[in-house]
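Asks: mind folding the following:
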Amino acid sequence: MGFESMWQALAPVGLDAKTGGYNRFAWDDADLACREWFGSAAKDRSMSVVEDGNGNLFAWWGDPDAGDAVVTGSHLDSVPDGGAYDGPLGVVSAFAAVDMLRTRGVQPRRPIAVACFADEEGTRFGVACAGSRLLTGALPPDQALLMHDRGGLSLAEVLHTRARDPRRLGPDPELLGGIGCFVELHIEQGRSLVHSGVAIGVATQIWPHGRWRFEFRGRADHAGTTAMADRCDPMLTYAMTALAANKQARLSDARATFGRVEVSPNGTNAIPSRVQAWLDARGRDEHVVSDLVGAIHRQAAARARRDGTQVSLSAESVTGAVAFDVALRDRIVTALGGVPVLDTGAGHDAGVLQAAGVPAAMLFVRNPTGVSHSPEEFAEPADCLAGIEALAAVLTELAA
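Replies: Numbers count the residues shown, from 1 in each chain. Coordinates of the predicted model:
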């Protein structure tokens with residue numbers, strides 16, 4: 001089964017036919033179907049599959065216990081109404097690269113594994129890269145078990161319904177110690193490669209980033225009978241905060257996004273009593289991000305005093321800057337004939353592993369629109385094949 005047939009087999013899973021976007025969230029039916037697809041792809045290649053206690057999947061070519069493994073892959077979950085390529089391109093390309101090595105008669109001296117990390121997007125429970133964070137110990141299992149989805153179900157409850165044991169969550173030093181390096185192929189979430197005129201690039205670093213929850217509280221009231229001067233409307237405070245985030249991010253050449261909002265009681269003819277809004281903030285260094293969030297919070301608090309509302313801020317997940325292993329990066333760039341290097345504002349499992357001490361690298365595949373986390377996310381078939389060729393060359397360099 002080649003790249004195209006694998007891609008077509010995976011494509012219908014979680015697809016919204018009306019929007020063209022994907023909804024694959026941790027441990028839902030679509031996620032389980034993706035897991036079945038992964039197992040089937042591994043079986044077709046006589047690769048043994050191991051699922052760790054955190055839901056991460058590893059398909060092995062060679063002895064999993066031998067150590068110093070070269071691991072590649074990505075994730076299969078999505079953001080709400082997400083694109084087809086973010087994550088799946090890396091997993092499908094990894095299997096296709098294994099096929100290419102075998103066709104060429106390559107005999108790896110190190111084990112090779114294809115990985116599929118659980119809950120990378122963090123859509124359901126709010127923490128990005130949850131599977132790799134749990135594996136490395138960056139996310140404590142007791143904290144993870146208390147995470148809830150929007151329906152009020154805890155991760156522990158969800159795992160029980162999917163026949164997984166929540167007590168197995170947590171670091172796996174033996175598995176992690178057996179990974180010699182990790183290489184993640186991913187669609188570029190931007191247009192640097194378009195401007196460079198090449199199909200493949202290599203990452204240098206991931207910007208620091210995080211998610212913060214703002215809670216605005218006011219007084220519920222009638223939309224028709226309450227004079228504007230008599231209102232304590234948290235929606236007004238939130239609206240000003242969203243505008244402040246946009247201005248502050250532009251001033252600091254950073255990124256600030258309110259992409260999720262929940263309103264209570266959420267009635268058309270009612271002034272809300274509470275607005276919760278999640279801020280995604282990113283910048284080139286930790287000071288930029290910290291100053292950005294602080295400035296937004298201060299403006300929100302000042303506006304709340306004028307509106308007669310209250311605002312609170314809590315960090316849900318924060319990740320510092322991650323520089324990828326320089327020696328591994330340079331070795332890959334040389335193996336690929338001198339491709340461009342670029343940094344990224346998007347978080348990835350590769351960054352979590354690198355932060356935990358596992359040498360990691362990333363290959364980017366050109367995205368002609370630069371659009372990601374959207375049904376418009378796209379890569380040309382020829383560029384996907386170029387990505388597979390590049391990944392196969394990297395695996396040959398590292399493992400053979």
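Asks: can you give me the domain assignment for this protein?
Replies: For the chain, the domain assignment from automatic domain parsing gives the residue ranges 3-207+321-399, 209-319.
Asks: got a markdown table for those, with mean neighbour count and mean pLDDT too?
Replies: Quick note: C-beta positions are derived from backbone N, CA and C, even for glycine. Listed next are these as a markdown table, based on neighbours: other C-beta atoms under 10 Å; pLDDT from 0 to 100:
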| stretch | mean neighbour count | mean pLDDT |
| --- | --- | --- |
| domain 3-207+321-399 | 20 | 97 |
| domain 209-319 | 17 | 97 |
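Asks: show me what the helix or strand hosting residue 364 is packed up against.
Replies: For residue 364, the host element (DSSP states H and E) is strand 360-365. On a contact count with 3 or more C-beta pairs under 8 Å, 6 or more residues apart in numbering; DSSP states H and E, strand 360-365 meets strand 179-187, helix 192-196, strand 200-206, helix 326-335, strand 341-344, helix 349-355, helix 381-399.
Asks: tabulate the ones you listed (JSON lines), appending distance to residue 127.
Replies: Converted to JSON lines, those look like this (distance: least, C-beta to C-beta, whole Å):
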{"stretch": "strand 179-187", "distance to residue 127": "19"}
{"stretch": "helix 192-196", "distance to residue 127": "28"}
{"stretch": "strand 200-206", "distance to residue 127": "16"}
{"stretch": "helix 326-335", "distance to residue 127": "27"}
{"stretch": "strand 341-344", "distance to residue 127": "20"}
{"stretch": "helix 349-355", "distance to residue 127": "11"}
{"stretch": "helix 381-399", "distance to residue 127": "28"}
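Asks: closest one to residue 106 among the ones you listed?
Replies: Across the helices and strands packed on strand 360-365, the minimum distance to residue 106, taken as C-beta to C-beta, is reached by helix 381-399, at 5.7 Å.
Asks: residues contacting that closest one, please?
Replies: Residues from elsewhere that reach helix 381-399 (C-beta atoms under 8 Å, 6 or more residues apart in numbering): 3-4, 70, 72, 89, 93-94, 96-98, 100-101, 104, 106, 108-112, 181, 183, 185, 199-200, 331-332, 335-336, 339, 361, 363, 365-366, 379.
Asks: same check, this time on stretch 44-57
Replies: 1, 26-27, 35, 38-39, 42-43, 58-61, 64, 95, 98-99, 102, 114-119, 130-132, 134-135, 164-165, 168-170, 172, 175.
Asks: quick one: residue 224 and residue 269 touch, right?
Replies: Yes. In terms of C-beta atoms under 8 Å, residue 224 counts as a neighbour of residue 269; the distance is 6.6 Å.
Asks: and the contacts of stretch 162-175?
Replies: Surrounding stretch 162-175, the residues in contact under the criterion C-beta under 8 Å, 6+ apart are 27, 32, 52-55, 58, 134-137, 140-141, 144-145, 155-156, 159-160.
Asks: those residues in helices, which ones?
Replies: Among the contacts of stretch 162-175, the members found in helices (DSSP state H) are 32, 134, 135, 136, 141, 144, 145, 155, 156, 159, 160.
Asks: same list (those residues) but as a markdown table, adding distance to residue 193.
Replies: Output for the ones in helices among the contacts of stretch 162-175, formatted as a markdown table (distance: C-beta to C-beta, whole Å):
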| residue | distance to residue 193 |
| --- | --- |
| 32 | 34 |
| 134 | 32 |
| 135 | 30 |
| 136 | 29 |
| 141 | 38 |
| 144 | 35 |
| 145 | 40 |
| 155 | 36 |
| 156 | 42 |
| 159 | 39 |
| 160 | 44 |
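Asks: nearest to residue 326, of those?
Replies: Closest to residue 326 out of those is residue 136 (20.3 Å), distances taken as C-beta to C-beta.
Asks: nearest residue to the closest one other than its sequence neighbours?
Replies: residue 356 (3.7 Å; C-beta to C-beta, 6 or more residues apart in numbering).
Asks: kindly report the same for residue 65.
Replies: Residue nearest to residue 65 in three dimensions, not counting chain neighbours: residue 178, with 7.1 Å by C-beta to C-beta, 6+ apart.
Asks: ok, that neighbour to residue 112 distance?
Replies: Computed with C-beta to C-beta, to the nearest Å, the distance linking residue 178 and residue 112 is 12 Å.
Asks: who touches both of those two?
Replies: Overlap of the contact sets of residue 178 and residue 112 (by C-beta under 8 Å, 6+ apart) consists of residue 69.
Asks: perfect, that will be all.
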